[in-house]
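**Q** Sequence and predicted model, in that order:
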Amino acid sequence: GAVVSQHPSWVICKSGTSVKIECRSLDFQATTMFWYRQFPKQSLMLMATSNEGSKATYEQGVEKDKFLINHASLTLSTLTVTSAHPEDSSFYICSAAGTSGGETQYFGPGTRLLVL
Amino acid sequence: AQSVTQLDSQVPVFEEAPVELRCNYSSSVSVYLFWYVQYPNQGLQLLLKYLSGSTLVKGINGFEAEFNKSQTSFHLRKPSVHISDTAEYFCAVSVGARQLTFGSGTQLTVLP
């Protein structure tokens, strides 16, 4: 149980384009989803927290207009990197916390973004 | 605010030897504690967690951790490691539900 998927697992795009990453909780309802960014050999950096049906809360220093987060249902959240640039290249990981046992986050497999 | 310190960035150990990965935290309130494992190019997998109750917590893959409130520690142990345990291990804390604060990670490398 508590499986989270992400799609795509890999994406390469040209500078200036937008990329959408999906995060789904497959076997539970996620009232809260989190988006992290991870640089090589480093820990996870929380970008934003999203609750179903409401606006995401962004961490300090994260541009909300660049990283658009939507949490339209209890099983799906999306992260859109708008006008991507090479410095946005990174490993993006989502996690989800359910309606019961909400203190535990379950992580997706991650999405590797490379902007050329 | 909470903080997590993983004292060792890299831990090499021979196969079938015991291992301990150290984690200390700082918080002015009670916390939940977690250990996650990350294999290369993958997301994080929950190894074990401490929410309340018994301070000795058993997780998957033969790992266990002990919550020590007086020392504010939550060290991860395994009595006999395998090559397949080679991965990055993250300790994390949260206050109540939701937001996690991660340590910097410990790379465990199991040598044949």
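**A** In hand now; what should we look at?

**Q** would you list every one of the strands in chain A?
**A** Per DSSP state E, chain A carries strands over the ranges A:4-7, A:10-13, A:19-25, A:30-38, A:44-51, A:57-58, A:67-73, A:76-81, A:90-98, A:106-107, A:111-115.

**Q** Now do the fifth one, average pLDDT.
**A** Put plainly, it is strand A:44-51. The average pLDDT for strand A:44-51 rounds to 91.

**Q** and what of the third one?
**A** This predicted structure assigns strand A:19-25 an average pLDDT of 96.

**Q** Show me what counts as buried in that strand.
**A** Residues of strand A:19-25 classed as buried: A:Val19, A:Ile21, A:Glu22, A:Cys23, A:Arg24, A:Ser25 (neighbour count, 16 or more other Cβ atoms under 10 Å in any protein chain shown). From N, CA and C alone the C-beta is placed, and that goes for glycine too.

**Q** about what we covered before: identify whichever of the strands of chain A lies nearest to chain B.
**A** Smallest distance to chain B across the strands of chain A (Cβ to the nearest Cβ): 4.0 Å, for strand A:106-107.

**Q** show me the contacts for residue 2.
**A** If you meant another chain, say so; for now it's chain A. Going by Cβ atoms under 8 Å, 6 or more residues apart in numbering or on different chains, A:Ala2 touches A:Ser25, A:Asp27, A:Phe28, A:Gly98, A:Thr104, A:Tyr106.

**Q** I was after chain B.
**A** Contacts for B:Gln2 (Cβ under 8 Å, 6+ apart) come out as B:Tyr25, B:Ser26, B:Ser27, B:Val31, B:Val93, B:Ser94, B:Val95, B:Thr101.

**Q** Now which of these would you call buried?
**A** Judged by 16+ other Cβ under 10 Å, buried ones among the contacts of B:Gln2: B:Tyr25, B:Ser27, B:Val31, B:Val93, B:Ser94, B:Val95, B:Thr101.

**Q** if you look at those, which of them are in strands?
**A** In this view, the buried ones among the contacts of B:Gln2 that belong to strands under DSSP E are B:Tyr25, B:Val93, B:Ser94, B:Thr101.

**Q** Can you tell me who the first one pairs with across the strands?
**A** In this structure, B:Tyr25 bridges to B:Val4 when assessed by DSSP bridges.

**Q** circling back to that earlier point, out of the buried ones among the contacts of B:Gln2, which comes closest to chain A?
**A** The closest of these to chain A turns out to be B:Ser94 (Cβ to the nearest Cβ; 6.4 Å).

**Q** The closest one contacts B:Val31, doesn't it?
**A** Yes. Assessed by Cβ atoms under 8 Å, B:Ser94 is found in contact with B:Val31 at 6.4 Å.

**Q** Next up, the contacts around the residue most central in space within chain A.
**A** Centroid check for chain A by Cα atoms, centre = their mean gives A:Trp35 as the closest residue, at 3.6 Å. If you count contacts by Cβ under 8 Å, 6+ apart, A:Trp35 has them with A:Cys23, A:Leu46, A:Met47, A:Ala48, A:Ser50, A:Phe67, A:Ile69, A:Ser77, A:Leu79, A:Tyr92, A:Ile93, A:Cys94.

**Q** Weed out the non-buried ones from these.
**A** Buried members of those, counted by 16+ other Cβ under 10 Å: A:Cys23, A:Leu46, A:Met47, A:Ala48, A:Ser50, A:Phe67, A:Ile69, A:Ser77, A:Leu79, A:Tyr92, A:Ile93, A:Cys94.
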